[in-house]
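Asker: Here is my input; please provide its structure:
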Amino acid sequence: MTRMLIVGPAGSGKGTQSKRISEELGIVAISTGDIFRANIKGQTELGQEAQKYVDAGELVPDSVTNRMVEDRLSWEDAQEGFLLDGYPRNRTQVTALDEMLSRLGVELDVVLELTADREELTQRLKRRAEIEGREDDADEDAIRRRLELFQTETAPMISAYDSRGLLRQVDGLGAIDEVNSRIMEAIRS
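Answerer: Next up is the predicted model:
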């Protein structure tokens, strides 16, 4: 049983590696993007609340995000372990996650950070925009702002997990299989 987080800047391969890790460890991969989409599509109470912010072009507040994540972690498929992708993103959410896990009577086992050179990430995201037609990755200035936001908002959160002895850093550059091998070695160490 493994309860873990995967963190890293945009383009570091979190989504790709989450699927592989989930399959290898037999745990459910949960992304906050999927949680948002499922709640909004299902017109849940939380989904309707989130939709109001999305429609207004605003960020969904931590209070709504936290409740969505806690609800998802209570599902039966997360009882035997989970890999959480995209949450927490800041220290406030770290505190909220700590409280959720305490209520569930469980603890995190590992926080996996995929690292990569910022310039390589920028080029990787631009290629992804061309191949997958993702407009959010087409603007180089927007990519650089997202990477800077990661550094200012999320990096301090990662440091908090490092001080708890939970952090494992893995180079996210290279072939998918190579990166996955490094990840599995780091998780099992």
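Asker: ok, the residue located most distally from the centre of the chain to A50 distance?
Answerer: What lies farthest from the middle of the chain is A56; by Cα atoms, centre = their mean that is 23.9 Å. If you measure A56 against A50 using Cβ to Cβ, to the nearest Å, the figure is 11 Å. In short, each C-beta sits where N, CA and C put it, glycine included.
Asker: what about this structure, any weak spots by pLDDT?
Answerer: Along the chain, segments meeting pLDDT under 70 span 136.
Asker: What is the burial count for R168?
Answerer: Residues lying near R168 (other Cβ atoms under 10 Å) number 18.
Asker: typed the wrong thing, it's L147
Answerer: Look at L147: counted by other Cβ under 10 Å, it has 19 neighbours.
Asker: Kindly report the same for F150.
Answerer: 19.
Asker: quick check, it in a strand?
Answerer: No - under DSSP: H, G, I helix; E, B strand; the rest coil, F150 falls outside any strand and is assigned helix.
Asker: can you give me the strands in the protein?
Answerer: 2-7, 28-31, 81-85, 110-115, 167-171 (DSSP state E).
Asker: Please name whichever of those is nearest to S63.
Answerer: Relative to S63, the nearest member of the strands of the chain by Cβ to Cβ is strand 81-85, separated by 17.9 Å.
Asker: strand partners of that closest one, parallel vs antiparallel please.
Answerer: strand 2-7 (parallel), strand 28-31 (parallel) (DSSP bridges).
Asker: what's the most buried one of the ones you listed?
Answerer: Stretch with highest mean neighbour count among the strands paired with strand 81-85: strand 2-7 (a mean of 22; mean count of other Cβ atoms under 10 Å).
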